[in-house]
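**Student:** Turn this into a model:
(4 chains)
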Protein chains: 4
Amino acid sequence: MTTTLPADGPMRAAIDAAKQRVADLHAELPRWNLVAWTAGNVSERVPGTEGFDDVLVIKPSGVSYDELDADAMVVCDLDGNLLEGSRNPSSDTAAHAYVYRHMAHVNGVVHTHSTYATAWAARGEEIPCVLTMMGDEFGGPIPVGPFAIIGDDSIGHGIVETLTGHRSTAVLMQNHGPFTIGTSAKAAVKTAVLLEEVAKTVHVSRQLGEPLPIEQTHIDSLYDRYQNVYGQKG
Amino acid sequence: MTTTLPADGPMRAAIDAAKQRVADLHAELPRWNLVAWTAGNVSERVPGTEGFDDVLVIKPSGVSYDELDADAMVVCDLDGNLLEGSRNPSSDTAAHAYVYRHMAHVNGVVHTHSTYATAWAARGEEIPCVLTMMGDEFGGPIPVGPFAIIGDDSIGHGIVETLTGHRSTAVLMQNHGPFTIGTSAKAAVKTAVLLEEVAKTVHVSRQLGEPLPIEQTHIDSLYDRYQNVYGQKG
Amino acid sequence: MTTTLPADGPMRAAIDAAKQRVADLHAELPRWNLVAWTAGNVSERVPGTEGFDDVLVIKPSGVSYDELDADAMVVCDLDGNLLEGSRNPSSDTAAHAYVYRHMAHVNGVVHTHSTYATAWAARGEEIPCVLTMMGDEFGGPIPVGPFAIIGDDSIGHGIVETLTGHRSTAVLMQNHGPFTIGTSAKAAVKTAVLLEEVAKTVHVSRQLGEPLPIEQTHIDSLYDRYQNVYGQKG
Amino acid sequence: MTTTLPADGPMRAAIDAAKQRVADLHAELPRWNLVAWTAGNVSERVPGTEGFDDVLVIKPSGVSYDELDADAMVVCDLDGNLLEGSRNPSSDTAAHAYVYRHMAHVNGVVHTHSTYATAWAARGEEIPCVLTMMGDEFGGPIPVGPFAIIGDDSIGHGIVETLTGHRSTAVLMQNHGPFTIGTSAKAAVKTAVLLEEVAKTVHVSRQLGEPLPIEQTHIDSLYDRYQNVYGQKG
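**Tutor:** Here you go, the predicted structure:
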């Protein structure tokens, strides 16, 4: 296994591009009011080339969002060991790394304590699919993952166990907060933003009564169209 | 029917002016917190001249609000077919086009997933007219439209069916979110902003009890004055 | 009675200074999220000198907050007649004018539809004094004024009737929204900001139970200290 | 006791550096929506050197957040007497000073009326520890302090009495609002930000049911790890 990162070449170019992307995406978290102070983190997998293993780029621990430029980002291997960077990696790095090790199609992971998603997580209650936007984006309800303590693989294990075989790209870790996954860091950030939006809208709706359910066939139809038609596909 | 748009002349000038207006108005949606990520859209009808049919200007699908300048706007005919623009039109274009085809006095349409309006929509519950501002602007309650799936004319049909003969210029599409109409795109954006404001205020009021009703004669009086006296009429 | 305003001299200087102050203070309303679109207005009395009667400076009707510089402000006499300005005065001018005619110590009036204050107003329910900040600033509960229709003196009359002999400098006009008064436009804006803050905090507190009452002697003590000691008095 | 502050030397340098830090930290209060108008204040202890006693730097009373640069800050002794500055110190200075006199490890104090924390305070109800983030940061529930009137030592006494021997660095003073303490002003500001975040999240969670409790052994584990591992320790 290669643990020294190259100074130039394609792998270096890929790492530097990912650092810039991940730094820029961190700015989206306060912009959409998903984080307080230094909480929250975005990572992206850099697939290995030239004989290097996959690595991940993530934010350092406990640093202000104002200071998060590309140079501040740190690089870790997929066991969470620091490979590059002058600061400690985010204390959630082990969870991100676990996801990348066990879900090959995932290239981006985001964690926040966004208010409404975390409020559902504190009750250990999934968010029911009562909005067409949820059908589009999540294909059904947002599931709850187990209570897990930071410090070993239990958070990562809980994320992977909950999302494997599930349409949802978001999980509400009990008493903790949401993790979202995607085919890129940007996709995972988008999901984190939309998750909080639906978490809030369904919460508000339920405050004054019971939202109307959407039939499963309609949810399937929304999900299928959105995954295959929406946006700029080429 | 003419499907090639002119390179110059009055129709071109009208299209380009509409592109600028619609691009500028999109900035109002995040400013007033009506949208998350790339959700939401504003369109405006450009009445045909010089033998050209009416067209509509709308935002492209799945593009960040930061990139929505006049050049990014797309032009479609009133069947929703792309006439001009390098990207796909918004996936809600068919609904906008349907409204323009069936409501001749409407020149602007706005769709958002704004939180409080969508929360009422998820319960399929109209917003009662308990604020003088609602009497002014909407002339009564905000009605609910039917559940409808994207992909055919059912959303457009639901909007037109609900708003025809109704004072309200806003409809809450069930489980989906609000659409607003106006004599211009700016008027429809204004209505989208005020709709969310009243949706939130009435929600908050009802959280701790029942708002006091306003007598119908007072609602009529408010609506009549506001439609005829308010603002800068010339 | 003099209805032509002077081109120079002390009265002109006082009017122009008030226009600048009132324009600047309008920027505080969106800054503190008290208004949507063009709703809300601030006015200030300019005491008459050189044989001129008192006049008031207020914002024009239906104009965007982005366009509200000093030149956009309009000047009216205390019957609400336009004396200076190229646009119609705010449709709430009659209410402001009524207050100045009947409350000699009031030199500033603010009207908003701020969400939480308006939510209490829609229920016709006064805000109980359960925060030390309310004791400081308002000296007790925030009272409710009568339902009144725009177009005659009934709004102004309702404000004056409710606030005369009351410690509170804010009134919640039923189904409508708050009006605040002060010894200057700035003082009335400050009160509008703090009113919304206490309206929201007491609302949130009551959502999960009953706030603890504050004894009247403590409210009196808070109010007395704040009116006489707080801030920069010299 | 020395009451004249030096014009140069180490004590002057320490005071000036603290003024800059405290001025900069005040900008965090409106940034995170913890304050309305001029409410709220941050202070920092400057440990005495060269024979000078400890002093504290705090914001002046009733001054806009836009005007709070380093020069606007005032310096008081630990009895709350003004030593330097052209304006009156914050009306909460006595409470800050009391904390510094009685808690030697505290070098920063923050007071706000942040909405959700104050809403819990108005009910006199502690915030239960149902979020891993609360276990990390506060090590358990956020306690309530007694009702106390400004003007003598009762606020300071209530803070010290409540927080002495308690893991929490935040206290909800009944009917009033939160005070937070820290080893620096920055640490106390961070705590004020995170306090409001957890106050809001737990409130929202409880609106629709009962959050799941976290076992005490897990809370202890979270608290221990966070206090000893998190962030950039060297």
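**Student:** can you give me the mean pLDDT across stretch A:144-157?
**Tutor:** Per-residue pLDDT over stretch A:144-157 has a mean of 90.
**Student:** quick one: buried residues of the helix or strand of chain A with the lowest mean pLDDT?
**Tutor:** Ranked by mean pLDDT, DSSP states H and E, the weakest helix or strand in chain A is helix A:216-228, scoring a mean of 92. Neighbour-count burial for helix A:216-228 flags A:218-219, A:221-223, A:225-226 (criterion: 16 or more other C-beta atoms under 10 Å in any protein chain shown). For glycine as for every other residue, the C-beta is placed from the backbone atoms N, C-alpha and C.
**Student:** can you check stretch A:74-83 too?
**Tutor:** Buried residues in stretch A:74-83 (16+ other C-beta under 10 Å): A:74-78, A:80, A:82-83.
**Student:** Could you grab the helix/strand/coil label for residue A:133?
**Tutor:** Following DSSP: H, G, I helix; E, B strand; the rest coil, the label given to residue A:133 is helix.
**Student:** same question, residue A:180
**Tutor:** Assignment for residue A:180 (three-state DSSP): strand.
**Student:** Can you name the residues bridging to it?
**Tutor:** Beta-bridge partners of residue A:180, counted by DSSP bridges, are residue A:110, residue A:170.
**Student:** And the residue of chain A closest to chain C?
**Tutor:** Chain A approaches chain C most closely through residue A:207 (8.9 Å), counting by C-beta to the nearest C-beta.
**Student:** where does that residue land on pLDDT?
**Tutor:** 98.
**Student:** Up against chain B, what does chain A have?
**Tutor:** Contact residues, chain A versus chain B (C-beta under 8 Å from any C-beta of the partner chain): A:32, A:130-133, A:190, A:193-194, A:196-197, A:200-202, A:204-205, A:207-212, A:214, A:218, A:221-222, A:225, A:229-233.
**Student:** Buried among the residues you listed? Need that as a selection in ChimeraX.
**Tutor:** Applying 16+ other C-beta under 10 Å to these leaves a buried subset, and the ChimeraX line that selects it is:
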select /A:32,130,131,132,133,190,193,194,196,197,200,201,202,204,205,207,211,214,218,221,222,225,230
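**Student:** element containing whatever residue of chain A ends up closest to chain D, please.
**Tutor:** Residue nearest to chain D within chain A: residue A:62 (3.1 Å; C-beta to the nearest C-beta). For residue A:62, there is no host helix or strand (DSSP states H and E).
**Student:** Tell me the confidence at it?
**Tutor:** 88.
**Student:** What residues does residue A:6 make contact with?
**Tutor:** A:12, A:50, A:52 (C-beta atoms under 8 Å, 6 or more residues apart in numbering or on different chains).
**Student:** Quick one: mean pLDDT for stretch A:6-14?
**Tutor:** pLDDT averaged over stretch A:6-14 gives 96.
**Student:** tell me which residues of it are tucked away?
**Tutor:** In stretch A:6-14, counting by 16+ other C-beta under 10 Å, buried: A:11, A:14.
**Student:** From start to finish, how long is that stretch in a straight line?
**Tutor:** End-to-end distance for stretch A:6-14: 11 Å, by C-alpha to C-alpha, to the nearest Å.
**Student:** Alpha carbons of the helix or strand encompassing residue A:100, in CSV - could you do that?
**Tutor:** Assigned by DSSP H and E, residue A:100 belongs to helix A:93-102. Provided in CSV are the C-alpha atoms of helix A:93-102 (Å, rounded to 0.1, in the frame of the first residue of the first chain):
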residue,chain,number,x,y,z
THR,A,93,-13.3,11.0,9.3
ALA,A,94,-13.5,7.3,10.4
ALA,A,95,-17.2,7.3,9.5
HIS,A,96,-16.6,8.8,6.1
ALA,A,97,-13.7,6.3,5.4
TYR,A,98,-15.9,3.4,6.4
VAL,A,99,-18.6,4.4,3.9
TYR,A,100,-16.0,4.7,1.1
ARG,A,101,-14.5,1.2,2.0
HIS,A,102,-17.9,-0.4,1.9
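**Student:** which secondary structure elements does it contact?
**Tutor:** Counting contacts by 3 or more C-beta pairs under 8 Å, 6 or more residues apart in numbering or on different chains; DSSP states H and E, helix A:93-102 packs against strand A:41-46, strand A:55-58, strand A:74-77, strand A:108-111, helix A:154-163, strand A:177-182.
**Student:** ok, back up a step: kindly reformat the buried residues of helix A:216-228 as JSON lines and extend each row with distance to chain D.
**Tutor:** Output for the buried residues of helix A:216-228, formatted as JSON lines (distance: C-beta to the nearest C-beta, whole Å):
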{"residue": "A:218", "distance to chain D": "25"}
{"residue": "A:219", "distance to chain D": "22"}
{"residue": "A:221", "distance to chain D": "29"}
{"residue": "A:222", "distance to chain D": "25"}
{"residue": "A:223", "distance to chain D": "26"}
{"residue": "A:225", "distance to chain D": "31"}
{"residue": "A:226", "distance to chain D": "27"}
